[in-house]
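Asks: My questions concern the predicted model and sequence given below.
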Amino acid sequence: MSLHSTQRPHPKVGDAGGRYVRIGLVQSACTTDRDHNIAQALAGIAEAARGGAEVVCLQELFAGQYPCQAEDHGKFTEAEVVPGPLTERLAGAAREHGVVLMGSVFERRSHGLFHNTAVIFDRDGSTAGLYRKMHIPDDPHYYEKFYFAPGDTGFMSVPTSRLQVGPLVCWDQWYPEAARLTAMAGAEVLFYPTAIGWLDGEEDLHREQYESWDTMLRSHAIANGVFVVAVNRTGREGPLRFWGASVVYAPNGERLVTAGHETPETVVVECDLARIEWSRTRWPFFRDRRIDAYGSLLKRWEK
């Protein structure tokens with residue numbers, strides 16, 4: 001893995017000054033060896049902490065290869081209870097390195113009931129919050145509806161010792177409603193642990209697919225005046241080649257850092273949370289929302 005520490009000039013924020021938080025992104029390539037995958041995630045957390053990270057986010061379902069490429073009942077054996085052995089290891093890493101940590105796990109909630117779940121740990125290893133992925137896809141090689149029940153936690157902001165964490169997961173990133181409601185709950189940074197990539201045979205669409213994904217992330221930052229962090233996996237797993245490119249956007253849409261497409265990387269970026277106020281007072285989208293006119297958003301379709 002390589003380590004990059006990125007600082008960018010930011011707009012003047014007046015007398016309020018800055019509130020700086022260093023965020024680490026751990027982008028990995030997973031193998032069929034679960035122990036190896038967990039070990040490399042723990043090593044990435046340690047590496048990010050050495051680079052000054054105070055908050056660290058892992059990719060979606062980091063402990064194994066992406067399990068949803070086929071409808072396979074055997075994959076349910078990969079699920080774990082929460083709290084359980086895997087989350088205990090994450091809690092220990094958060095405590096050891098003194099970082100706020102988000103880890104994405106295949107949660108076994110009960111017999112026959114599973115979720116795609118993000119768990120947030122504070123710097124002392126305590127569990128700060130738990131978010132269950134709300135939007136569940138069902139596409140070729142992304143057969144998540146076979147595995148995961150839709151989340152029932154709602155959209156939230158999780159208070160931690162360093163910032164207000166807005167947990168979301170992968171497919172959630174295509175929904176402006178999810179980003180909006182998470183920001184409205186008080187989140188300062190939207191975090192998206194992610195597993196998205198290119199499918200063999202669709203090479204003519206690769207650039208378009210990646211740019212659409214990247215544009216959505218940037219738009220959430222601008223429309224909500226928040227930082228957006230997406231941590232994607234990389235490497236090939238069967239016919240899927242995950243495109244990496246983990247990214248951080250500032251509230252004005254400035255891209256602060258992007259990891260490479262092809263290789264594992266640990267990236268640390270410094271974010272001035274005072275930029276949220278700066279952006280929202282200059283682009284006052286929350287002030288001008290017509291909340292009296294949005295009732296139809298609660299319908300599947302208007303006509």
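Replies: Arrived safely. In this text the structure is predicted, and so the values were computed from the model without any measurement.
Asks: drop to CA atoms for contacts and neighbour counts, all remaining ones
Replies: Fine.
Asks: Please tell me I have it right and Ser219 contacts Pro251.
Replies: No. With contact defined as CA atoms under 8 Å, Ser219 does not reach Pro251; the gap is 9.4 Å.
Asks: The two: which has the busier surroundings?
Replies: The neighbour comparison of Ser219 against Pro251 (other CA atoms under 10 Å) goes to Pro251, with 27 against 18.
Asks: does the more buried one count as helix, strand or coil?
Replies: coil (DSSP: H, G, I helix; E, B strand; the rest coil).
Asks: and it, how far is that from Ala221?
Replies: Distance, Pro251 to Ala221, using CA to CA, to the nearest Å: 5 Å.
Asks: what does Pro85 give?
Replies: Distance of Pro85 to Ala221, computed by CA to CA: 35 Å.
Asks: Likewise for Phe76?
Replies: 35 Å.
Asks: what do you get for Leu90?
Replies: Counting by CA to CA, the gap from Leu90 to Ala221 is 28 Å.
Asks: Just the buried residues of stretch 202-217, please?
Replies: Across stretch 202-217, burial judged by 16 or more other CA atoms under 10 Å covers 209-210, 214, 217.
Asks: Would you format these as JSON lines with pLDDT and distance to Gly154 included?
Replies: Converted to JSON lines, the buried residues of stretch 202-217 look like this (pLDDT from 0 to 100; distance: CA to CA, whole Å):
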{"residue": "Gln209", "pLDDT": "96", "distance to Gly154": "28"}
{"residue": "Tyr210", "pLDDT": "97", "distance to Gly154": "28"}
{"residue": "Asp214", "pLDDT": "98", "distance to Gly154": "24"}
{"residue": "Leu217", "pLDDT": "98", "distance to Gly154": "20"}
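Asks: CA atoms of the top helix by length along the chain as CSV?
Replies: Determined from DSSP state H, the single longest helix within the chain is helix 206-224. Once non-C-alpha atoms are left out, helix 206-224 reads as follows in CSV (Å, rounded to 0.1, in the frame of the first residue of the first chain):
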residue,chain,number,x,y,z
HIS,A,206,-16.6,1.6,-18.5
ARG,A,207,-15.8,5.3,-18.7
GLU,A,208,-19.4,6.3,-18.6
GLN,A,209,-20.2,4.1,-15.6
TYR,A,210,-17.2,5.3,-13.5
GLU,A,211,-17.9,9.0,-14.4
SER,A,212,-21.6,8.6,-13.5
TRP,A,213,-20.6,7.2,-10.1
ASP,A,214,-18.1,9.9,-9.4
THR,A,215,-20.5,12.6,-10.5
MET,A,216,-23.2,11.4,-8.0
LEU,A,217,-20.7,11.5,-5.1
ARG,A,218,-19.7,15.1,-6.0
SER,A,219,-23.3,16.2,-6.4
HIS,A,220,-24.1,14.9,-2.9
ALA,A,221,-21.3,17.0,-1.5
ILE,A,222,-22.5,20.2,-3.3
ALA,A,223,-26.2,19.8,-2.8
ASN,A,224,-25.8,19.1,1.0
